[in-house]
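Visitor: Provided below for reference: sequence and predicted model.
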Amino acid sequence: MKTSWMLIPAAAFAAMAFASPTMAADDEACNLTIEGNDAMQFNKDAMSVPASCDEVTVTLKHTGQMAASAMGHNWVLSDSDVYEDVAKAGMSAGMDNDYLPQDDERVIASTDVIGGGEETSVTFSTEGLEDRDLTFFCSFPGHYAAMNGSFTITKED
């Protein structure tokens, strides 16, 4: 099928003609996906976004089949030097609080706890995070020791 440029509205044509080819790549780079399974594993042990991302959206997919009450997972971001303390404090917070201490300023971002076949996401600002040593983890009781990794914001040259 032949496209007639005359049928494309002028504003849409201008947007296509002047759109930066890196714009789509930047948008894609700011949207991350990670998977957790019934074997208590994330499929990644490191995640990063470019410093050009003002916001990041992390989507967590639970690829297993077990219920959230038995093998639930969430995605939590904290400074590396406190993530274990946050996870331990979360154990007593219970499932109703997604195994996270409520209103804890050490939690930078977090998703809900989900079970097999479910997905959830969180969007957060990267402001002030550029030079921090960050760790992501699952705060379901006992999971943080195996389900964790580094989160970095990479500077462009």
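Guide: Alright, I've got the coordinates.
Visitor: can you give me the buried ones in stretch 30-40?
Guide: The neighbour-count check on stretch 30-40 (16 or more other CB atoms under 10 Å) flags 30, 32, 34-37, 40 as buried. For glycine as for every other residue, the C-beta is placed from the backbone atoms N, C-alpha and C.
Visitor: stretch 146-153 now?
Guide: By neighbour count on 16+ other CB under 10 Å, the buried set for stretch 146-153 is 147-148, 151, 153.
Visitor: can you redo the residues you listed as a markdown table with distance to residue 75, pLDDT and secondary structure?
Guide: Formatted as a markdown table, those follow (distance: CB to CB, whole Å; pLDDT from 0 to 100; DSSP: H, G, I helix; E, B strand; the rest coil):
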| residue | distance to residue 75 | pLDDT | secondary structure |
| --- | --- | --- | --- |
| 147 | 9 | 98 | coil |
| 148 | 10 | 98 | strand |
| 151 | 10 | 98 | strand |
| 153 | 16 | 95 | strand |
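Visitor: tabulate the buried residues of stretch 30-40 (a markdown table), appending distance to residue 78 and secondary structure.
Guide: Formatted as a markdown table, those follow (distance: CB to CB, whole Å; DSSP: H, G, I helix; E, B strand; the rest coil):
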| residue | distance to residue 78 | secondary structure |
| --- | --- | --- |
| 30 | 20 | coil |
| 32 | 17 | strand |
| 34 | 16 | strand |
| 35 | 20 | strand |
| 36 | 17 | strand |
| 37 | 22 | coil |
| 40 | 19 | coil |
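Visitor: residue contacts, the closest residue in space to residue 42 that isn't next to it in sequence?
Guide: Nearest non-adjacent residue to residue 42, counting by CB to CB, 6 or more residues apart in numbering: residue 147, 5.1 Å away. By CB atoms under 8 Å, 6 or more residues apart in numbering, the residues touching residue 147 are 36, 40-42, 73, 137-138.
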